[in-house]
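J.: Compute the structure for the input listed below.
(2 chains)
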Amino acid sequence: MSVLEVENLRIEIEGTGIDIVDEISFHIEAGEVLGLVGESGSGKTTVGLSLLGHQRRGAKIVAGQVRVDGKDILERSPAQLRALRGGTVSYVPQDPSAALNPALRIGRQLEEVLAAHRFGSSHEERLREMLEEVLLPTERSFLRRYPHQLSGGQQQRVGLAMAFACRPRVIVLDEPTTGLDVTTQAHVLATVRMLCRAHGVAALYVSHDLAVVAALADRVAVMYAGRIVEIGRERDLFLASAHPYARRLVEAIPEISGEHELVGIPGTAPRPGHRPTGCFFAPRCDYAVDICREQFPPRERVAERREVRCHRWQEVLAEAVHDRPLAAVRTNGASADALISIRNLQAAHGERPVLFDIDLDVAPRQCVALVGESGSGKTTLARCIAGLHRNFTGELALRGIPLRPGARNRSRDTRRDIQYVFQSPYSSLNPRKTIGQIIGQPLRLFFDLPRRDQHARIVHALERVQLTSSVVDRYPHELSGGERQRVAIARALVSEPALLVCDEVTSALDVSVQAAIVDLIAELQREMELGLLFVTHNLALIRTIAQEVAVMSAGRIVEHGPVDRVLDQPEAEYTKRLLADTPSLESALAIAE
Amino acid sequence: MTAVAPAAAVAAPPVGRPLTILLRRAWRAVRTKVGVVLVVLVVALAVIGPFFAPHSPTEFAGIPYSHASSALPLGADNLGRDVLSRFLWGGRSVLGLALLATALGLAIGVSIGLVAAYSRSILDDVLMRAMDVILAFPSIVLALVAVATVGPKLWLLVLVVGFTTAPRVARVTRGASLEIVERDFVQAAEALGESRTRILFGEILPSITSPLMVEASLRLTYSIGLIAGLSFLGFGVQPPSADWGLMINENRQGLTIQPWGAVMPVIAIAVLTIGTSLIGDGLSRAAIGLERGGGER
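T.: Reported below is the predicted structural model:
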């Protein structure tokens, strides 16, 4: 018998009868990790929380069963649920820095878990065991630290220690490695896998990152618009998914080898209350036929422990796998004269130096990727160029003309020539302005155009990023994350710049959207002959877009060269480690074979 | 993208202008509707009341403190003038002065608060400590000092009340703006070379309208009280003009004989301030609701 069985779970927005998720059924064996993947808004966290008998404000479990060792937890009283949570079923949240109490020492917080469930006799001994399990230092001084004195990885390990403390039967991990560096992430994932196997815990790993899931999970469930559309062994699913959505999702994952073009999924997932009749994916599906638009496909068994919800799964499965276009060869049309040249640049945050001896060139029509982990200084470098970080010394020149620190001190033409796209479109667009006003701002500042021409330019800029002119009068909150990032790109390109600086522009977006955005930027770069500085922490993305790559670590460029050379024969130790730790479908599948 | 965003965020975002969304949300609450009804009632009374006044507010219509009769529905005041007529005439000054003073206070306070939050320098401390100094004095004391020095002028009343309102507005503005100035869209405007004034009033100010509207209704409530209070003390509107604050003072001696002269203005001022604070409360609840996940990130 499975440790965890979920059957026909339905969760609604309270009082409306509108379902957030429905017909959710799966089971997890002891020691097994089930990866639950889906884009934001697909309902994966909602399902994860229901295993604890909990729902977010406004959501309500209205039907179904969640059985742990055969007993339905949804029938329990609040007091029984409290006893269950953290004991039999435990939870590891996304953001450990927000989950740990900043005012209490680590030791105290770990003890609390044990005390709450009256677990174990000798606390001192047990605490040491807990720390050992998650590979944290076992000294008493460590227990006396506060959360802010720990690194992000250590904080998440403390979260894991708390979750595994009472030897749970089921553990829910909600994107626990989002926001961690790849190296830290690799270590945390290894710890999770080891603990689940060792203690026979049934684990549900909720994530939007398919590469991470591929590296960790035994089986994978793919969610789309509140339904599980496919569930099966991780290898089967990634190598030959039977559902068109799952297939598209896999194709959207960037690979370090970068042989294939990234393919995004056009359109957006329907929200609760706006879901069509028939299959929810039908409007975006290449396989859709009449029956798909009439009724939602039933659960069908493809193979042992593998189910899919698609009317045409047989046809999908019959189609050749990995039949995706090969990536176009990115020619380096760069001329010898650098568009922007950086020599011996040093920068500091206040008194603390963050960049040392940076030398870097970007030629016209060339894309240089700047990769590194958080804190490596890559964003600071990008901000120096854009005139947002003023505290630097050294040479920084645009077409041979020195750039002064601070955008305000530069000429109008210089500001127009260098455009910057921010990481998060949720914060880079003023929520109180319409899209037209946002894109119109650079036009007003850089060109003296009559009103009618301005409008034409705005519409043109929107079309260039594949948005319709109907969004002109809308506000950012009415658009999806991907659409917002397109608006941000349109704002940068409307002033016809020479250099575009993209700072982690895809890290706040879903993988299917990420692929489309990267594609768009690459295409526009060629079309508009832009110099491009593409800052990212995701090594897998750079082959798709860049010709050259500079790897940054601790404020220095440790390796710099053509993309193929750096990725295939890395010279610096740091690059090698970074490549080894980056989770990828290929390496995960290679190990599995 | 946080793990515990309320499920409401899953539902479709509200469509339209953010300010309109806020007002629509606020209007849904009963307290807001009650507040609006009360304020409209008193404002209508003050604005169109004089057209219905049976007597001139300064005309002697009866024996001082005479009781209500068919000729004088609310009786006569301490000098024998018609209480009803004076009551109908007396709202304009309180309302007008309070509105002007609040507007002035908002203009000064918002400007100072925005500059302080955006400067990220010593200027922030200088401005805010200066505001603290003003805050250290009770506003009525400041007003009394000013009026005692210059004399009871109406423009001075507006100036002083506006001046004492500004520091509180500045604090709220700065507090709300501190988080906004760190947002990327402000940086985006900086990178484009947008002028400082436009960044302050074009980028940051629209983002703090909800807390400001709440603050404005609260400040209006206090200004009404303060203006009425100063008139009561004899530093505001001068006799023989009709004014609610003044009426309370004139008629308090005869409170036991003919209460209407003092009670009617008290009721009007009370209803007005309750109304404005209910509206403020409704707005602030709606703003909090929106922040917790209704459509805006």
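J.: hey, let's count contacts and neighbours off CA atoms from now on
T.: Will do.
J.: contacting residues around the residue of the stretch 351-500 of chain A found nearest chain B?
T.: When scored by C-alpha to the nearest C-alpha, the stretch 351-500 of chain A has A:Ser428 as its residue closest to chain B, at 4.1 Å. With C-alpha atoms under 8 Å, 6 or more residues apart in numbering or on different chains as the criterion, the residues that contact A:Ser428 are A:Phe422, A:Ala488, B:Arg183, B:Asp184, B:Phe185, B:Val186, B:Ala188.
J.: Helices - which of those residues land there?
T.: Among the contacts of A:Ser428, the residues falling in helices (DSSP state H) are A:Ala488, B:Asp184, B:Phe185, B:Val186, B:Ala188.
J.: roughly how far apart are A:Tyr287 and A:Pro297?
T.: 13 Å (C-alpha to C-alpha, to the nearest Å).
J.: Any part of the helix or strand hosting A:Asn8 near chain B?
T.: With the criterion set as DSSP states H and E, the secondary-structure element containing A:Asn8 is strand A:4-13. Yes - judged by C-alpha under 8 Å from any C-alpha of the partner chain, strand A:4-13 and chain B are in contact via A:Ile13.
J.: returning to that earlier point: just put the ones in helices among the contacts of A:Ser428 in a markdown table and tack on pLDDT.
T.: Compiled in a markdown table, these are given as follows (pLDDT from 0 to 100):
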| residue | pLDDT |
| --- | --- |
| A:Ala488 | 95 |
| B:Asp184 | 91 |
| B:Phe185 | 94 |
| B:Val186 | 94 |
| B:Ala188 | 93 |
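J.: give the contact list for B:Leu230.
T.: Neighbour list for B:Leu230: B:Ile140, B:Leu144, B:Gly236, B:Gly245 [criterion: C-alpha under 8 Å, 6+ apart].
J.: Tell me, please, where in chain A the pLDDT is lower than the cut-off.
T.: Applying pLDDT under 70 to chain A picks out residues A:1, A:119-122, A:258-261, A:320-336, A:587-593.
J.: Now do the strands for the stretch 351-500 of chain A: every range, in order, please.
T.: A:352-362, A:367-371, A:392-398, A:401-402, A:418-421, A:499-503 (DSSP state E, counting those that start in this stretch).
J.: and the ones you listed, which is most packed in?
T.: A comparison of the strands of the stretch 351-500 of chain A by mean neighbour count, using mean count of other C-alpha atoms under 10 Å in any protein chain shown, puts strand A:367-371 on top with a mean of 28.
J.: in its sheet, what does that one sit against?
T.: strand A:531-536 (parallel), strand A:548-553 (parallel) (DSSP bridges).
J.: now it and strand A:499-503, what's the angle there?
T.: Relative orientation of strand A:367-371 and strand A:499-503, computed by axes from the mean of the first three to the mean of the last three C-alpha atoms, to 10 degrees: 30 degrees.
J.: Tell me the one of the contacts of A:Ser428 nearest A:Ser97?
T.: B:Arg183 (20.9 Å; C-alpha to C-alpha).
J.: Could you pull up the residues touching that closest one?
T.: When contacts are taken as C-alpha under 8 Å, 6+ apart, B:Arg183 is in contact with A:Ser427, A:Ser428.
J.: cutoff 6 Å now
T.: Taking C-alpha atoms under 6 Å, 6 or more residues apart in numbering or on different chains as the contact definition, B:Arg183 lies against A:Ser427.
J.: What does A:Thr277 show for phi and psi?
T.: Here is the backbone geometry of A:Thr277 (degrees, to the nearest 10): phi -70, psi 160.
J.: and the two most separated of the contacts of B:Leu230?
T.: In the contacts of B:Leu230, two members sit farther apart than any others by C-alpha to C-alpha. They are B:Leu144 and B:Gly245, at 15.4 Å.
J.: Let's verify A:Phe296: helix, strand, or coil?
T.: Of the three states, A:Phe296 takes coil according to DSSP: H, G, I helix; E, B strand; the rest coil.
J.: Helices along chain B, start to end?
T.: Secondary structure of chain B, counting by DSSP H: helices at B:18-28, B:30-52, B:83-89, B:91-119, B:122-136, B:139-150, B:154-181, B:184-191, B:196-198, B:209-232, B:244-251, B:260-291.
J.: Would you mind putting these into a markdown table with distance to A:Leu136 alongside?
T.: Listed next are the helices of chain B as a markdown table, based on distance: least, C-alpha to C-alpha, whole Å:
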| stretch | distance to A:Leu136 |
| --- | --- |
| helix B:18-28 | 47 |
| helix B:30-52 | 54 |
| helix B:83-89 | 77 |
| helix B:91-119 | 41 |
| helix B:122-136 | 43 |
| helix B:139-150 | 58 |
| helix B:154-181 | 35 |
| helix B:184-191 | 36 |
| helix B:196-198 | 49 |
| helix B:209-232 | 45 |
| helix B:244-251 | 71 |
| helix B:260-291 | 38 |
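J.: A:Gly41: which of the ones you listed is closest?
T.: If we rank the helices of chain B by C-alpha to C-alpha, the stretch that ends up nearest is helix B:260-291, at 18.5 Å.
J.: quick one: the closest one to helix B:18-28, angle?
T.: Computed by the same axes, to 10 degrees, the angle between helix B:260-291 and helix B:18-28 is 120 degrees.
J.: do helix B:260-291 and chain A meet at all?
T.: No - under the criterion of C-alpha under 6 Å from any C-alpha of the partner chain, chain A is not reached by helix B:260-291; the shortest gap measures 11.9 Å.
J.: how close does the nearest residue to B:Leu272 once chain neighbours are set aside sit to B:Ile267?
T.: Distances taken as C-alpha to C-alpha, 6 or more residues apart in numbering or on different chains place B:Val39 nearest to B:Leu272, at 5.4 Å, with adjacent residues excluded. Per C-alpha to C-alpha, B:Val39 is found 13 Å from B:Ile267.
J.: Can you pick out the residue with more neighbours from the two?
T.: It is B:Val39, of B:Val39 and B:Ile267, that has more neighbours when counted by other C-alpha atoms under 10 Å in any protein chain shown, with 22 against 11.
J.: My guess is that one contacts B:Val271. True?
T.: No - using C-alpha atoms under 6 Å, B:Val39 is not in contact with B:Val271, being 7.4 Å away.
J.: what about the helices of chain B, which gets the closest to A:Val371?
T.: Of all these, helix B:184-191 comes closest under C-alpha to C-alpha, at 21.2 Å.
J.: just checking, what packs against that closest one?
T.: Counting by 3 or more C-alpha pairs under 6 Å, 6 or more residues apart in numbering or on different chains; DSSP states H and E, the packing neighbours recorded for helix B:184-191 are helix A:425-428.
J.: again, only using 10 Å
T.: Identification of packing neighbours for helix B:184-191 by 3 or more C-alpha pairs under 10 Å, 6 or more residues apart in numbering or on different chains; DSSP states H and E yields helix A:378-386, helix A:412-417, strand A:418-421, helix A:425-428, helix A:435-446, helix A:481-493, helix B:196-198.
J.: Any chance of a markdown table for these, columns distance to B:Thr164?
T.: Below are the helices and strands packed on helix B:184-191 laid out as a markdown table (distance: least, C-alpha to C-alpha, whole Å):
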| stretch | distance to B:Thr164 |
| --- | --- |
| helix A:378-386 | 42 |
| helix A:412-417 | 42 |
| strand A:418-421 | 43 |
| helix A:425-428 | 35 |
| helix A:435-446 | 36 |
| helix A:481-493 | 42 |
| helix B:196-198 | 25 |
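J.: of the ones you listed, which approaches A:Tyr574 most closely?
T.: If you check each of the helices and strands packed on helix B:184-191 against A:Tyr574 by C-alpha to C-alpha, helix A:378-386 wins as the nearest, at 15.1 Å.
J.: quick check: angle from the closest one to strand A:367-371?
T.: Here helix A:378-386 runs at an angle of 140 degrees relative to strand A:367-371 (the same axes, to 10 degrees).
J.: can you list the domains in chain A?
T.: When chain A is parsed into structural domains using automatic domain parsing, the resulting residue ranges are A:244-327, A:340-427+A:498-592.
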